[in-house]
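J.: Sequence and predicted structure are below.
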Amino acid sequence: MQQWMIYGANGYTGRLLAKAAVKRGLKPVLAGRDKHAIKALADELQLPFRCFDLRQPDEVRNGLKDIRVTLHCAGPFSATSQPMIDACLASGCHYLDITGEIDVFVAAQSRQAEAEQAGIVICPGVGFDVIPTDCIAAQLKLALHDADRLALGFDTVSSLSPGTARTSVEGLKYGGRIRKDDRIQTVPLAYQSREIDFGNGTKHAVTIPWGDIATAWFTTGIDDIEVFIPMAPSAAARLRGLDRFRPLLGLPPVQALLKYLVARRIHGPDHHQREAARCYVWGEAQNRAGKKVVARIETANAYDVTVEGALHAVTFLLKNQAAPGYYTPSRLLGPDCIEKLPGSGPMHIE
């Protein structure tokens, strides 16, 4: 069987993926730059391992020798995705990751021609970021072909992993983001608000800079896109007040302090917390005539969706001969792929 790799296997999500893979009888190569942590996990799971640093291009290319699919889990992806994609292009290795970072999606899509020439698939975001929302976007476009506005969102009570929390800290300096008139625009934090029923009752919600600002455009071609999460009006007001301090939040000493606090206080949800944290995903498409179509789906918690979605993507690429190039998850795996993952219900479109 062709070999595949989990890079960043010693992180919170990487460990979940490695353990889930073993339960399915899969034998990924575990990899990362922390030799002690990677070897300990590999010994525990009786898996092969490799250690290399993404800052050393020759090491990365050697590390990918004989690997057909790399599942990249070592964030922040703003720093790590480019060197890994570079190595995958040089090695003829398919690239998957679990990012939700807008700029990473944009940068990956810009390498379409290189991926075609190298004969590989580049598909970032094969986790909760952005499989459920990307599938909803695709299904809404099918239901309303002339849609020119798209709103997406989700509701979950799941706590963050350390890696996701660090990425969120990095994102503070960029503020909010939406797609308007076919252009990604920077806007204040909690820029727009509205009342939304995500599938579990109507809640006050605000815009966030989620990956679909990029990916949903690649999937649907819709020029105006916003992504929402529930937030109490008082919390939204505080977030808007924080926007004036964005320049300070981007300063290296402030970033270092916030990431230090994250490392000390955030450890990621345990099994019981994940089981209790279902997700409700919503989308609304609208055309110029004012016609609206709404879609909803309930899924497992975000981390289980990430594990199941990423393993589904790996298995798909190992078993199928996909045309090379850049993909969003729904374009690679199908617009109904979220419904096939354990813990997901059917998608309802009205």
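T.: Yep, it's here. Numbers count the residues shown, from 1 in each chain.
J.: dump the residue contacts of the residue nearest to Q192 when sequence neighbours are not counted.
T.: Spatial nearest neighbour of Q192, chain neighbours left out: T207 (4.5 Å); criterion: CB to CB, 6 or more residues apart in numbering. C-beta coordinates here come from the backbone N, C-alpha and C atoms, glycine included. By CB atoms under 8 Å, 6 or more residues apart in numbering, the residues touching T207 are G176, I178, V187, A190, Y191, Q192, S193, E226, V227, F228.
J.: Mind doing that once more with 10 Å?
T.: 151, 153, 176-178, 187-194, 213, 226-229, 231, 236 (CB atoms under 10 Å, 6 or more residues apart in numbering).
J.: Next: T328.
T.: By CB under 10 Å, 6+ apart, the neighbours of T328 are 105, 108-109, 123-126, 130-131, 134-135, 137-138, 211-212, 214-220.
J.: What about the residues you listed, which are in strands?
T.: Secondary structure from DSSP state E places C123 of the contacts of T328 in strands.
J.: wait, what's in contact with E298?
T.: The contact partners of E298, by CB under 10 Å, 6+ apart, come to 132, 155, 198-200, 278-281, 343-348.
J.: Check for me that it belongs to a helix.
T.: No - assigned with DSSP: H, G, I helix; E, B strand; the rest coil, E298 falls outside any helix and is strand.
J.: The closest residue in space to it that isn't next to it in sequence: what secondary structure?
T.: Using CB to CB, 6+ apart and skipping the chain neighbours, the partner closest in space to E298 is G345 (4.7 Å). State at G345, reduced to three classes by three-state DSSP: coil.
J.: what about this protein, any weak spots by pLDDT?
T.: Low-confidence segments of the chain (pLDDT under 70): 1, 158-173, 258-270, 272, 274, 276.
J.: Could you list the domains of it?
T.: With domains defined by automatic domain parsing, the chain comprises 3-127+303-333, 131-301.
J.: related to what we said a few turns ago, and the furthest pair within the contacts of E298?
T.: With CB to CB as the measure, no two of the contacts of E298 lie farther apart than D155 and P346, at 17.9 Å.
J.: and the two? which has more neighbours close in?
T.: Neighbour comparison, D155 and P346: the larger count goes to D155, with 21 against 10 (by other CB atoms under 10 Å).
J.: The more buried one against H204, yeah?
T.: No - assessed by CB atoms under 10 Å, D155 is found out of contact with H204, at 11.3 Å.
J.: which residues are in contact with both of the two?
T.: I196, F228, P230.
J.: neighbour-wise, which of those leads?
T.: Ranked by the number of neighbours (other CB under 10 Å), these place F228 first, at 26 neighbours.
J.: For that residue, give me its contacts.
T.: Applying CB under 10 Å, 6+ apart, we find F228 in contact with 151-155, 190, 192-194, 196, 198, 203-208, 210, 282-284.
J.: Counting neighbours, which bits of stretch 321-328 end up buried?
T.: For stretch 321-328, burial by neighbour count (16 or more other CB atoms under 10 Å) applies to P324, G325, Y326, Y327, T328.
J.: Give me the neighbour count for the spatially closest residue to the fourth one that is not a sequence neighbour.
T.: Read it as Y327. Counting by CB to CB, 6+ apart, Y327 lies nearest to C123, which is 4.3 Å off, once chain neighbours are set aside. When neighbours are defined as other CB under 10 Å, C123 has 24 of them.
J.: For C123, which residues are in contact?
T.: 94-97, 108, 115, 313, 316-317, 322, 325-329, 331-333.
J.: try V307
T.: V307 makes contacts with 13, 16-21, 98, 127-128, 274, 300-301, 341-342, as judged by CB under 10 Å, 6+ apart.
J.: That one: helix or strand, and which one exactly?
T.: Here V307 sits within helix 302-319, counting by DSSP states H and E.
J.: ok, and the closest non-adjacent residue to the residue nearest the centre of the chain?
T.: Central residue of the chain (CA atoms, centre = their mean): D129, 2.6 Å from the mean position. With CB to CB, 6+ apart as the criterion, D129 has its nearest non-adjacent residue at 2.8 Å, and that residue is G100.
J.: so the one you found makes contact with P124?
T.: Yes - under the criterion of CB under 10 Å, G100 makes contact with P124 at 9.1 Å.
J.: out of these two, which sits in the busier spot?
T.: Using other CB under 10 Å, the more surrounded residue of G100 and P124 is P124, with 30 against 26.
J.: Could you measure from the more buried one over to D155?
T.: 24 Å (CB to CB, to the nearest Å).
J.: Fine by me, thanks again.
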